[in-house]
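Undergrad: Build me a structure from this.
(chains A and B)
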Amino acid sequence: MEENAFYVALSLLVNLDASLYQIVVLSLQVSLLAVLIAAFLGFPLGAAVALWQFPGRGGVVVALNALMGLPPVVAGLGVYLLLSRAGPLGELGLLFTPSAMVIAQVILVLPILAALSRQKVEELLGEYREQFVSLGMSRARMMPTLLWDARFALLTVLLAGFGRASAEVGAVMMVGGNIDGVTRVMTTAIVLETSKGALPLALGLGIVLLTLVMVINATAYILSETAKRRMG
Amino acid sequence: MKKTLNLVLAAVTTVGLAFSAHAEDYITLASTTSTENSGLFDSILPKFEDATGIEVRVVAVGTGQAFEIARRGDADSLLVHDTAGEKRFVENGYATERADVMYNDFVLIGPADDPANISAAKTAAEALSAIAEAEAPFASRGDDSGTNRAELRLWESAGVEPGGSWYRELGSGMGPTLNTAAAMDAYVMSDRATWVAFENRQNLKLLFEGDKVLFNQYGSLLLSEEKHPHLKHEMAAKWHNWLISEEGQQAIADFKVDGQQLFFPNAK
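TA: Predicted coordinates:
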């Protein structure tokens, strides 16, 4: 069966039909947008927690670390209840749309980006502290410098977040509804084909998903290596 | 820095546009996995869309969850298979009308060597009693779906309270339950449509069919305008009426897998 699945995966990739293409594009759109939004919120949040001392800071650090393990289906359920017509944001009519899937994935990815960037920035701050003090820099001024200088480490953090987003199924299934042509992504398609007993096709889709993630990771690696070399 | 920001903004706008480019004329239909997995919707929805220009977006879940989605006002229309539950739904004011659409039947599946010898049974109740007596593994959906509810009613009519290590409640959909049953050589009750379209049978075989109590009626519901005024009632009514129209009924009869008709239209 495994050989069969590789064959299926190969022919899926070669004959990339319209519906698979749509599924792949939607998967990338949803997960990339979610990671992007999470980065805009999560990196400054992580850096802020690293830079400022405030009461309850330990609690925030622990909470961020713990939320990295938030089960996707719980995030999905929460967003479902929030966006359902009977819920507080029901008026927006976002349930069973790609936007709902993005929201759910932002919730899943945000803690990873915030917690890991907090750690990276804190490490860097240890190295830079004396310099910052001698320059008389405020904490708010330190933040962009630290984030920029930690950019290569943060790229890996970003990829970890993207991995989480593109791999999860529980949340997007619940808030997207796996609607053919509207909210069906790679992972929910895999669940559907498995439930039809079409195991080689399901595994084939899995291999396609992995290949995609691999390509994105390779691109990120090459870009960061080139950039590092240019900087000397 | 500014360049990156512009790039990001451009990306976000593109994605946003792509999301909003979908058609406005659509309804969301909460339905069951059996109708989706068998391929029925792939066959009849294009015909409805051709006739009316309305796209139907299907959220395929268990019947219990489908009711819940409709109760919360998250779907415009409902097509399920639990007649008793559907009638209660109407009585409770969540739907204003229910109509018979089609039926198929449940079948009993099991390992080819049939250790409980249910293929010799005359009634479904007899077959279930034989499974309980032999304490042969039985995989139950255990997910409050229409199939699960029908299965529990059958046990009741057989006078058996299923339990013990041979009775395994899986809490999953029809397909996953069949996958699990295939892996552990268990008996399982399935709707015929999902079974016929199912590809991972391994050692499983259809062992018992044809008893009238295995009849599986599907009904369409018109949801209450009063409870949920925001729903697309006009388009949902078009869908409901198309299903029970001559055209819709013919479309259902025309759907075949391997030359076998899986759903039998019976609107009145």
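Undergrad: Direction included, what does the longest strand seen in chain B pair up with?
TA: When chain B is parsed with DSSP state E, its longest strand is strand B:95-111. With DSSP bridges as the test, strand B:95-111 is paired with strand B:187-191 (antiparallel), strand B:204-208 (antiparallel), strand B:215-223 (antiparallel), strand B:264-265 (antiparallel).
Undergrad: quick check: angle from the helix or strand that that strand is followed by to strand B:187-191?
TA: Using DSSP states H and E, the helix or strand that follows strand B:95-111 in sequence is helix B:124-134. Computed by axes from the mean of the first three to the mean of the last three CA atoms, to 10 degrees, the angle separating helix B:124-134 from strand B:187-191 equals 150 degrees.
Undergrad: Can you say which of the strands paired with strand B:95-111 is nearest to B:E169?
TA: strand B:187-191 (11.9 Å; CB to CB). In short, each C-beta sits where N, CA and C put it, glycine included.
Undergrad: residue ranges for the helices of chain A, please.
TA: With DSSP state H as the criterion, chain A has helices at A:2-14, A:18-51, A:57-67, A:72-83, A:98-135, A:139-149, A:151-167, A:170-176, A:186-195, A:199-231.
Undergrad: wait, which of those helices is closest to B:T123?
TA: Smallest distance to B:T123 across the helices of chain A (CB to CB): 29.9 Å, for helix A:186-195.
Undergrad: Count the residues that sit near residue 210.
TA: Since no chain was named, I'll use chain A. 14 (other CB atoms under 10 Å in any protein chain shown).
Undergrad: that answer is for a different chain, and I need it for chain B
TA: By the criterion of other CB under 10 Å, B:G210 has 9 neighbours.
Undergrad: contacting residues for it?
TA: Applying CB atoms under 8 Å, 6 or more residues apart in numbering or on different chains to B:G210 gives the contacts B:D105.
Undergrad: So it lies in a strand, does it not?
TA: No: counting by DSSP: H, G, I helix; E, B strand; the rest coil, B:G210 is not part of a strand but coil.
Undergrad: Where does pLDDT dip in the chain?
TA: With no chain named, the answer covers chain A. Scanning chain A for pLDDT under 70 picks out A:1-3, A:232.
Undergrad: that's the wrong chain, I wanted chain B
TA: Scanning chain B with the threshold set as pLDDT under 70 gives B:1-23.
Undergrad: related to what we said a few turns ago, select, out of the helices of chain A, the one closest to chain B.
TA: Set against chain B and scored by CB to the nearest CB, the helices of chain A come closest in helix A:186-195, at 2.8 Å.
Undergrad: How about residues contacting the closest one?
TA: A:23-24, A:27, A:166-169, A:172-173, A:176, A:178, A:184, A:199, A:201-202, A:205-206, A:208-209, A:212, B:33, B:36-37, B:173-176, B:179.
Undergrad: now swap in stretch B:224-235 and tell me
TA: A:85, A:93, B:25-27, B:52, B:54, B:73, B:75-76, B:93-96, B:222-223.
Undergrad: And the buried ones among the residues you listed, selectable in PyMOL?
TA: The following PyMOL line selects those of the contacts of stretch B:224-235 that are buried, judged by 16 or more other CB atoms under 10 Å in any protein chain shown:
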select buried, (chain A and resi 85) or (chain B and resi 26+27+54+73+75+76+94+95+222+223)
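Undergrad: any idea which of the contacts of stretch B:224-235 is closest to B:K212?
TA: When the contacts of stretch B:224-235 are compared against B:K212 (criterion: CB to CB), the nearest one is B:A95, at 26.8 Å.
Undergrad: Show me what that closest one is bridged to.
TA: B:A95 forms beta bridges with B:L223, as assigned by DSSP bridges.
Undergrad: Okay, it and chain A: tell me how far apart.
TA: 15 Å (CB to the nearest CB, to the nearest Å).
Undergrad: how about the residues of chain A that lie near chain B?
TA: When proximity is defined as CB under 8 Å from any CB of the partner chain, chain A approaches chain B at A:29, A:32-33, A:36, A:84-87, A:90, A:93, A:95-99, A:177-180, A:182, A:192, A:194-199.
Undergrad: Looking at the stretch 151-268 of chain B, what residue ends up closest to chain A?
TA: Closest point on the stretch 151-268 of chain B to chain A, by CB to the nearest CB, is B:G175, at 2.8 Å.
Undergrad: Pretty sure that residue sits against B:W195.
TA: No: with contacts counted by CB atoms under 8 Å, B:G175 stays clear of B:W195, the gap being 10.1 Å.
Undergrad: neighbours of B:F255, just the number please.
TA: 20.
Undergrad: give the contact list for it.
TA: B:G39, B:L40, B:S43, B:I44, B:Q261, B:L262, B:F263.
Undergrad: count of neighbours near residue 130?
TA: No chain was given, so I picked chain A. Neighbourhood size, A:E130 [other CB under 10 Å]: 9.
Undergrad: other chain: chain B
TA: B:A130, neighbours per other CB under 10 Å, totals 21.
Undergrad: Can you tell me how far the nearest residue to A:L95 once chain neighbours are set aside is from B:F67?
TA: Nearest residue to A:L95 in three dimensions, chain neighbours excluded: A:L83, at 4.4 Å (CB to CB, 6 or more residues apart in numbering or on different chains). A:L83 sits 19 Å away from B:F67, going by CB to CB, to the nearest Å.
Undergrad: do the same with B:N37
TA: 19 Å.
Undergrad: ok, the residue in chain A sticking out farthest from the centre - contacts?
TA: The C-alpha centroid of chain A is most remote from A:S134, which lies 37.7 Å away (CA atoms, centre = their mean). A:S134 makes no contacts at all, as judged by CB under 8 Å, 6+ apart.
Undergrad: Good, wrapping up.
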